[in-house]
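Enquirer: Provided below are the primary sequence and the corresponding predicted coordinates.
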Amino acid sequence: MMRDPGSVTALVTTVCLVACGPPGSPSEPLTARDRASIDAVRRSFVEAELAGDWRRQANLFRADGALLESQGPGVVGRAAIRAGLEEFRTTADSFALRSLELAGNGALAVDRGRYALRVPRDGSPVRDSGWYLMVLTRDRTGWRIAALTHHSDREAVPPPSAPLPGG
């Protein structure tokens, strides 16, 4: 069950991108070299997360890339992504991405998988796991993240209720 209408929009957009491809994109499937390069991007993302190296992690995104957090506003642009990571992220002491499906063509790829992480917080680690969807594009420098979103398996914390008028 989708909890957020934005999730539906993201899913439809991703399906359209994969089905139609960007104008002028090659129609050949991903090669073994493409897959290895995308695996390297995923590994670098995990390594940067574990090191708390937000500059390195942001540099994995395109200049106009988007980080679409499940519990917050989306952030667009490499500089804004870096600033957001530096302000809000806590370095995880355990983090893993496990790709379940990688599809695409010579210029566009979608990586769908699972994530698991543990973040130290107030002496009691917070554990989380869920789904991620990473859209990547290839340019002359290699594969970069165009958009990344994730959705936790944990129940969302409902916002506090506002008092009713006159109540």
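Expert: Cool, the structure landed.
Enquirer: show me the contacts for residue 130.
Expert: The contact partners of residue 130, taken as Cβ atoms under 8 Å, 6 or more residues apart in numbering, are 70, 114-115, 150-154. Heads up, the C-betas are built off the backbone N, CA and C, glycines and all.
Enquirer: run the last query once more with 6 Å
Expert: Contacts for residue 130 (Cβ atoms under 6 Å, 6 or more residues apart in numbering) come out as 150-153.
Enquirer: cool, and residue 114?
Expert: residue 98.
Enquirer: Could I get the pLDDT score of residue 39?
Expert: Per-residue pLDDT puts residue 39 at 98.
Enquirer: Can you give me the distance of residue 79 to residue 55?
Expert: In this view, residue 79 and residue 55 are 10 Å apart by Cβ to Cβ, to the nearest Å.
Enquirer: hey, where'd the strands end up in the protein?
Expert: 61-68, 75-76, 94-104, 108-119, 126-139, 142-152 (DSSP state E).
Enquirer: For residue 42, grab the count of nearby residues.
Expert: 22 (other Cβ atoms under 10 Å).
Enquirer: Just confirm it contacts residue 96, I think it does.
Expert: No. Checked against Cβ atoms under 6 Å, the pair residue 42 and residue 96 is beyond contact range at 10.1 Å.
Enquirer: Mind giving me the PyMOL select for the contacts of residue 130, buried ones only?
Expert: Restricted to buried positions by 16 or more other Cβ atoms under 10 Å, the PyMOL selection for the contacts of residue 130 reads:
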select buried, resi 150+151
